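J.: next one to model:
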Amino acid sequence: MTCPDCGHDNIAGADHCDHCGQNLSSVDVPRPKSGLQRTIMETPLRDLNPALALTAPPSEPVAKVIRMMRDNRQGSVLVVDHGRLVGIFTERDIVNRLTGVKRDLDTLPIAQVMTKDPKALREDDTLAFALHRMSIGNYRHVPITAEGMPLRFISVRGVLAYLNQHAR
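T.: The predicted structure follows:
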């Protein structure tokens, strides 16, 4: 990538020019053309109508949280302490942290087996950003936060359903 200020030839994807230090982060950003590409790059997450998240306090017993997930047919629960997102508990946590372990799930608090401090998205983040976050972090469920709004989440399933309906 050639620096527009000094003409130095930098490696593709460089954020700053190796020669003059110019910020190059916006130089090679692809511009959407149409169809699926435009949908992915320009759609804010609010347009996906993200599902309301199930929530639980950190002290909630694991058994109760798992029942809540099953009864509501959702693969995740956001753990909230005094209005602040402190964790997420997903189907993957059940498999990776509880399978083969002898614990009393009726008394074990969710805080002991949740994923702490999950990465969250904002409702004005784009679908492209969400897909990138999900891919890099290997996430299938990502919380969406909005000031004064109930917590929501985006899932791989929700993204695929949206793309199936809107990206033709």
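
J.: from here on, contacts and neighbour counts on C-alpha atoms
T.: Noted.

J.: all helices for the chain, in order.
T.: 35-42, 62-72, 91-93, 127-137, 156-166 (DSSP state H).

J.: got the angle for the first one vs helix 156-166?
T.: To tie it back to what came earlier, the one meant is helix 35-42. For helix 35-42 against helix 156-166, the angle between stretch directions is 130 degrees (axes from the mean of the first three to the mean of the last three CA atoms, to 10 degrees).

J.: let me see the mean pLDDT of helix 35-42.
T.: When the per-residue pLDDT values of helix 35-42 are averaged, the result is 84.

J.: again, but for the second one
T.: For helix 62-72, mean pLDDT is 98.

J.: and the fourth one, by the same measure?
T.: When pLDDT is averaged along helix 127-137, the result is 91.

J.: again with the shortest one
T.: Predicted confidence along helix 91-93 averages 95 (mean pLDDT).

J.: ditto for the last one
T.: Helix 156-166 shows a mean pLDDT of 90 in the predicted model.

J.: contacts for that helix next, please.
T.: The contact list for helix 156-166, computed with CA atoms under 8 Å, 6 or more residues apart in numbering, reads Leu36, Thr39, Leu48, Pro50, Arg140, His141.

J.: count the residues that sit near the first one.
T.: By that I understand Leu36. The criterion is other CA atoms under 10 Å. On that basis, Leu36 has 14 neighbouring residues.

J.: start at 37 instead
T.: Understood, numbering begins at 37; the last thing we discussed is Leu72.

J.: domain ranges for the chain?
T.: Per the record, the chain has its domains at 37-66, 77-202, by automatic domain parsing.
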